[in-house]
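Would you be able to build a 3D model of this:
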Amino acid sequence: WHVSQLTDILNKAKLEWSIFKDTIPEPTDSCLDLALRAFESEAFDSVIGFGGGSCLDIAKAVSAMSVNPGHVRDYKQPKQINKSGVPIILIPTTGGTGSELTKWCVISDTQRNEKYNLSGLALVATAAIIDWKFSITKPPRITADTGIDSLTHAIEAFISRHANSFSDELALKAIPLITKNIEKAYQYPDNMIAREELMCGASLAGMAFSNSSVALVHGMSRPLGAQFHIAHGLSNAMLLVEVTNFSLEYSRTRYAECAIAAGWATSNQSKSDACRSLLENLGRLQVNLKVPSPNDLGFDRVAYLNKLPGMARQALQSGSPKNNPRVPSIEEIIKLYKAIW
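Numbers count the residues shown, from 1 in each chain. A predicted model of the protein is given here:
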C-alpha cells in the first residue's frame, strides 16, 4: 500500500520508474553494489529512498557512489564526500533515524566486519517528504527502537562537545516530542497525534546531530551492530542508559537540561536530582519498551566477551566517543559493553 501511494503519483505524472527491493537491514557494501548495478542499468535521473533508515542510507550512497570512484570504504569518515550525484528524494516510514535530514549514512563492510559512517554534502537530500501516516503500520519493536534512536540523537547532540546554539534549539525541541509520545505510539500504533509528533521529533533530532555530532552511544553502537547484526536503533537502546550513567558527572548541567526538556524534572530541582531523574526515566523507558539485552537475544557469552576488545577499538576509531563529555579509554568501553550483557 505504501509503495503504491508513491508509484501512483509517478504514473499519473507519466514518469518512468523502477524499484530496487533488495535493501537489507543495516545495509552492507554488497547490498550497495547490487543497488548501484540496478541504478546504472538504466538512465535514471534521480533516486528515491522510501522506507526506514536503511533504505534512506542506500539511496544516499547510490547517488554518491555513482559519481565517486573506488570502494565505499575509501570514503569513510573523516573523509567528506562532496561530489554529488543525481538528486536524492527521501521519504521516511519510521519515526526514527532522521536520515532524511542529515549528511550521514552508515554502511557495513562485509570483508572487514566493520560498520562505518559516510559523510558529506553528496549525502544531503535534495528534498525530504515527511508523512507520519507511513509510520502507522510499523510493528512495536521498530517503533520503540527507532524512537529511542531519535532520543539518542537529540541527547547526544545536546551533550556533544560540538554542541552549539543552533543544534541546542533543535535538540531541546525534539526531546519532549519523543519522550511524551514514544510509549503512546508503541502501545497504540494508530495514535495519530503520537505518530506525527514522534516523526517530527525524529526529524528535528536528525538536524540537531547533523549540526553538532553524535557521541559515545553511537560510537559503541556501530561495532555492536556490525559484529552481532543488531539493528542500529536497538543497539542504541541497549547502550543509552549505561553510557548516560557513565557520562553524567562530566556534563551535569546539560544532562539536567535534557531531563527538564523531557518533562522528567523541573528547573527548581538540583542538577543532581534532575540527572538522577533522567537516568531513572531512561531506565523506565528501556523496561516499558521491552528493550532486550545481548543475552536476551541468545548470543554466546564467550563469543561476545572475546569480541569486546576489537569492538572497543572500532568504537574509538569511529571518532564519535571523542565528542562525549567523558571520553572513555578502551578498557572503559569494554566495561560498558559488559554492563549491557
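
going forward, measure contacts and count neighbours with C-alpha atoms only.
Noted.

which residues touch the most centrally placed residue in the chain?
In the chain, the residue lying closest to the centroid (C-alpha atoms, centre = their mean) is T97, at 3.9 Å. Contacts for T97 (C-alpha atoms under 8 Å, 6 or more residues apart in numbering) come out as 52-53, 146, 149-150, 202-203, 206, 233.

Could you single out the nearest of those residues to R326?
Checking the contacts of T97 against R326 by C-alpha to C-alpha gives D149 as the nearest, at 20.4 Å.

which residues sit in contact with the closest one?
96-97, 232-234, 236-237.

just P309 next, same as before
Counted by C-alpha under 8 Å, 6+ apart, P309 has contacts 330, 334.

gap between the two ends of stretch 71-91?
Length of stretch 71-91, first residue to last, C-alpha to C-alpha, to the nearest Å: 26 Å.

let me redo that: stretch 174-191
19 Å.

average pLDDT across that stretch?
Mean per-residue pLDDT for stretch 174-191: 96.

same question, stretch 324-334
97.

any idea of the pLDDT on the residue nearest to the centre of the chain?
According to the prediction, T97 has pLDDT 78.

Quick check on it: phi, psi?
Main-chain torsions, T97, degrees, to the nearest 10: phi 70, psi -50.

Could you number the chain from 30 rather than 1 from now on?
Sounds good: first residue 30 from here, last item T126.

quick one, strands of the stretch 80-229 of the chain?
117-121, 133-138, 143-148, 156-157 (DSSP state E, counting those that start in this stretch).

Dump these into CSV; add mean neighbour count and distance to I184 as well.
Below are the strands of the stretch 80-229 of the chain laid out as CSV (neighbours: other C-alpha atoms under 10 Å; distance: least, C-alpha to C-alpha, whole Å):
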stretch, mean neighbour count, distance to I184
strand 117-121, 24, 21
strand 133-138, 23, 18
strand 143-148, 22, 19
strand 156-157, 16, 23
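
How much space separates T208 from H31?
Counting by C-alpha to C-alpha, the gap from T208 to H31 is 27 Å.
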